[in-house]
Each structure stands twice: as structure tokens, then as C-alpha cells.
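1. turn this into a structure:
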Amino acid sequence: MSRPIVVVLGLALVATLLLAPTVPAAVGPAPVEAAGFSFTPALLIVPAGTTIQWDGVLFPHTVTTAASLSNATNGIANDHNNSDEDPDTFAALLPEGTSLSYAFTTPGDYAYYCELHRSLGMVGQVRVV
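-> A predicted model of the protein is given here:
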């Protein structure tokens, strides 16, 4: 193949890759363990589209979203009755030996806590980039 043809084909390939629409691939599940009185990891940084899976280990727990990490620490939950307006708000019971999964599609910081053990510092955060 002559050099000009190789250059043209190479440029066409680069242009195709640069102009092709990108769709974020679903990623996950990324595990978070709810064990004892903590979520591990306490901060999880993931790309948009990632499914987080909370695994209940030792004792029942909840996964309750809050507007900020400060609100989670202070036990101020999101208004879970308005979940139609903000689909990333929820409160769910996580009995021992069960799992809860949720896909985060919008970049941002999502704080959560365990309603049963928040006073013991059981808070966490998902940062979606």
C-alpha cells in the first residue's frame, strides 16, 4: 500500500473515532459492604452508569440518601416522598445477608447513611464522575 493511501486511511479512522457518538457503558456492580457500623468503602468514586451494590453483613441496616454528607452525618434524609422529582433519593432496608443495587447515571455526590446506626458514624458517599 502506498504511503498516501495509508495516511488517508489513518486520517479517516481518526475522524471516525473522534466524531462517533459515545454512550457511557454500564459499569458495575461496584460493591459496598454494610458490616458492623460502617460502609466499606465509605467513599466510592465511579463513572456515570455504574451500579452500586450494597451488601448487608452483620445486623440489619438501611441505605438512606441525604442531600449532603453533612446531612447524612446529622440524620437529615432527602424527602423520599418526592422520588419522582429526584430518582436518586431512596430509603431501603438492608437485612443481613441481602443486597441492594442502584445505578447512578447522573454525575454528582450522593451521600447516604444507615438510619439505625448513623449515630455511630455509619455514613457513606458515592461520587459519580
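2. does the residue nearest to residue 103 when sequence neighbours are not counted belong to a helix, a strand or coil?
-> Excluding the flanking residues, the one nearest residue 103 by C-beta to C-beta, 6 or more residues apart in numbering is residue 51, at 4.5 Å. Where C-beta positions appear, they are placed from N, C-alpha and C, glycine not excepted. Residue 51 carries the three-state label strand when classified by DSSP: H, G, I helix; E, B strand; the rest coil.
3. so residue 51 touches residue 31, yeah?
-> No. Checked against C-beta atoms under 8 Å, the pair residue 51 and residue 31 is beyond contact range at 10.1 Å.
4. low-confidence ranges in this structure?
-> Under the criterion pLDDT under 70, the flagged ranges of the chain are 1-28, 68-89.
5. can you pull out the strands in it?
-> In the chain, the segments counted as strands under DSSP state E are 27-35, 38-40, 43-46, 50-57, 61-66, 91-94, 99-104, 108-113, 123-128.
6. need the winner for burial among these.
-> Of these, the one with the most neighbours on average (mean count of other C-beta atoms under 10 Å) is strand 61-66, at a mean of 24.
7. using PDB, write out every CA atom in that one.
-> This file holds the C-alpha atoms of strand 61-66, laid out as PDB (Å, rounded to 0.1, in the frame of the first residue of the first chain):
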ATOM      1  CA  HIS A  61     -29.000  -1.800  58.100                       C
ATOM      2  CA  THR A  62     -30.700   0.800  55.900                       C
ATOM      3  CA  VAL A  63     -29.400   2.800  52.900                       C
ATOM      4  CA  THR A  64     -31.000   6.200  53.100                       C
ATOM      5  CA  THR A  65     -29.900   9.000  50.800                       C
ATOM      6  CA  ALA A  66     -29.200  12.500  52.100                       C
END
